[in-house]
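S.K.: Pasting the sequence and the predicted model now:
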Amino acid sequence: MSIEKTENTLVIVDYCRNCAKHLIPHAKFCDSCGAKIIKNRITARNLLEDFNDRFLSIDGAFPKTFIALFKKPEDVIGGYINGVRKKYISAFGYFALSLSIAGIYVFIIREYFMDSLFENIAFPEKQNKVKLDFIKKITLNINEYQALFSIISIPFLALISRIVFWNYKQFNYLEHMVIYLYAFSHINLTFYILVILTIWSTSLYTFFSFVGMIGYMFYLCYVLKRLYRLSFYNLILKTSLFALIGILLILLLFIAVIVMTKIGMFDELLKSIKTA
């Protein structure tokens, strides 16, 4: 059975469009798959509502998650690991939100502020334009590949963390990934919001860029301390071990990159950067 489509509503059917199961009359959700029954045609309002429900959850989950990750990160992260799903935004939802804000940041930088951010950098007269253009290209490429860097770095950080906390059986490797999905997303989200709000000032932008790098390290220590209930001594010990293992792995990666560069694996990439 179906009712004809009107200007503001879809054709009303007696089955779920997601799983094709029969619906009871006036159902708002499918009893089989749980999907919401959509009756109205797409409008600007319900598009924004859908975006909010899936990513921002401005009705409560986003501000609650954002504040709690500062005040009680163990409640958000530990809760998600232990099965809490409705109280806060999920780990991947929060990560997706941080990538969305990162995309807005890159767009604003590229379209409106790239020249003004570098206008105070001084080089010798003859080399000024060439060096400045090269720095702009490198900066833009780093910002544009930030999302890829985030995706790659989280499994890497989770692996180091699992090694560092080998004597703690509280979290497995995938649960460590959840920790870094939240932590990485939260500090990135905070950083991007701050730089977007202060990008009009080169000095403030530089300050928050510097603070963001240090802030990530301190926030990560704070999260691990709360999750594992570490003493100050154990926190210093684990942080030092984390840094040592991280440096060793980065050195190995650096050596691998040098070798790959020597054999010409990055020739096309370098050419594209120079000619962009």
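M.R.: Everything's here; your move.

S.K.: which is the next helix or strand following the lowest-mean-pLDDT helix or strand in the chain?
M.R.: Every helix and strand of the chain was ranked by mean pLDDT, DSSP states H and E. The lowest is strand 2-3, at a mean of 45. Next helix or strand after strand 2-3 toward the C-terminus (DSSP states H and E): strand 12-13.

S.K.: Give the rounded mean pLDDT of that next one.
M.R.: Averaging pLDDT along strand 12-13 gives 74.

S.K.: try stretch 94-111
M.R.: On average, stretch 94-111 scores 82.

S.K.: list the buried ones in that stretch?
M.R.: Residues of stretch 94-111 classed as buried by neighbour count (16 or more other Cβ atoms under 10 Å): Y94, F95, L97, S98, L99, S100, I101, A102, Y105, V106, I109. The C-beta positions use only the backbone N, C-alpha and C, and glycine is treated the same way.

S.K.: just so I have it, where are all the helices in the protein?
M.R.: With DSSP state H as the criterion, the chain has helices at 44-51, 61-71, 73-81, 91-108, 114-118, 128-144, 146-164, 173-198, 202-228, 232-262, 267-275.

S.K.: and the ones you listed as JSON lines, adding distance to G34?
M.R.: Shown next, in JSON lines, are the helices of the chain (distance: least, Cβ to Cβ, whole Å):
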{"stretch": "helix 44-51", "distance to G34": "16"}
{"stretch": "helix 61-71", "distance to G34": "18"}
{"stretch": "helix 73-81", "distance to G34": "20"}
{"stretch": "helix 91-108", "distance to G34": "17"}
{"stretch": "helix 114-118", "distance to G34": "46"}
{"stretch": "helix 128-144", "distance to G34": "38"}
{"stretch": "helix 146-164", "distance to G34": "29"}
{"stretch": "helix 173-198", "distance to G34": "23"}
{"stretch": "helix 202-228", "distance to G34": "31"}
{"stretch": "helix 232-262", "distance to G34": "41"}
{"stretch": "helix 267-275", "distance to G34": "45"}
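
S.K.: Figure out which of the ones you listed is closest to D14.
M.R.: helix 44-51 (22.3 Å; Cβ to Cβ).

S.K.: From the structure, what's the count of residues near V13?
M.R.: When neighbours are defined as other Cβ atoms under 10 Å, V13 has 13 of them.
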